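Peer 1: pasting a predicted model and its sequence here:
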Amino acid sequence: LQKNNIMKALQVATAQLWALLSHTIDAIIAILGFCVILLYLFFILMDYESLSASFIKIFPKKSRPFWQALINDVERELNSYIRGQSLVALCIGILFCIGYTIIGFPMAIGLGIMIGVMSLIPYVHSLALILIVILSLLKSVDTGESFWFILLSAMIVFGIIQIITDMVLVPKIMGKAMRLNPAVLLLSLSVGGALLGFVGLIIALPLTTLLNAYYKRYITKEPQTEEKIKKPMELYLHAN
């Protein structure tokens with residue numbers, strides 16, 4: 001209880017409190033920014049056709065077929081990505097419901113559904129680990145079982161499903177939906193996450209598919225099978 005010790009303790013506590021407060025504010029700002037981005041994306045997707053039609057008009061008529069082909073490519077790849085990721089999220093949700101029901105984990109169905117919804121954005125479902133720890137603690141207090149045993153069981157289920165997701169679901173479902181090799185999918189996720197972090201994981205697959213489509217169109221000159229893609233490009237080539 002000496003004055004010097006009290007002052008040192010207050011300084012340390014103040015520094016730690018300020019660090020905690022600043023990190024909390026940064027996290028809140030990041031979450032709000034992400035919500036704003038989702039809101040803008042929602043309204044853009046609602047009026048995508050009208051916005052794309054207006055966007056085309058800012059270019060000269062001679063180059064409009066090229067930009068129309070670009071918009072069609074973006075729309076096609078985004079549709080494929082959303083359909084594939086939705087199917088992956090559905091499978092993840094079902095697997096978690098089954099896995100946590102087998103081990104008798106609290107709120108197994110609700111937790112599985114929540115993780116499935118979070119899986120619509122790649123790797124966001126990892127945030128559910130916080131809730132898993134809390135539920136494990138509550139079950140331990142309620143039943144008297146070992147907290148570490150309950151948590152270890154839940155983490156084993158989580159790890160097994162994550163391995164199934166990375167090795168089976170994403171390569172098979174997303175590879176078929178986006179017409180990419182499974183190795184390319186995993187590589188694009190790794191590179192996107194390393195370069196841009198969370199945002200990179202979101203845009204890695206659609207961006208890779210879009211780049212692959214233009215590589216085939218302009219570099220290898222492979223014929224396009226979809227009529228809505230071919231027609232604008234024929235107009236563009238004819239105009240040049």
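Peer 2: In hand now; what should we look at?
Peer 1: lowest average confidence, helix or strand, in this structure?
Peer 2: When the helices and strands of the chain are scored by mean pLDDT, DSSP states H and E, helix 227-239 comes last with a mean of 44.
Peer 1: in which helix or strand would I find Gly104?
Peer 2: Counting by DSSP states H and E, no helix or strand carries Gly104.
Peer 1: let's see the pLDDT reported for it.
Peer 2: The per-residue pLDDT reported for Gly104 equals 89.
Peer 1: list the contacts for it?
Peer 2: Contact analysis of Gly104 by Cβ atoms under 8 Å, 6 or more residues apart in numbering lists nothing. From N, CA and C alone the C-beta is placed, and that goes for glycine too.
Peer 1: what's the answer for Leu90, then?
Peer 2: Leu90 neighbours (Cβ under 8 Å, 6+ apart): Gly116.
Peer 1: if we go to 10 Å?
Peer 2: Residues counted as contacts of Leu90 (Cβ atoms under 10 Å, 6 or more residues apart in numbering) are 116-117, 119-120, 169, 173.
Peer 1: mind giving me the ChimeraX select for those residues, buried ones only?
Peer 2: To isolate the buried members of those in ChimeraX, using 16 or more other Cβ atoms under 10 Å:
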select :116,119,120,169,173
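Peer 1: which of the contacts of Leu90 sit farthest apart?
Peer 2: Val117 and Ile173 (17.0 Å; Cβ to Cβ).
Peer 1: low-confidence ranges in this protein?
Peer 2: 1, 48, 180-182, 198, 216-218, 220-240 (pLDDT under 70).
Peer 1: could you rerun that using 50?
Peer 2: Counting by pLDDT under 50, the ranges of the chain that qualify are 226-240.
Peer 1: on that earlier part again, now render the contacts of Leu90 as TSV, adding secondary structure and distance to Ile44.
Peer 2: Shown next, in TSV, are those (DSSP: H, G, I helix; E, B strand; the rest coil; distance: Cβ to Cβ, whole Å):
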residue	secondary structure	distance to Ile44
Gly116	helix	25
Val117	helix	21
Ser119	coil	23
Leu120	coil	17
Leu169	helix	28
Ile173	helix	26
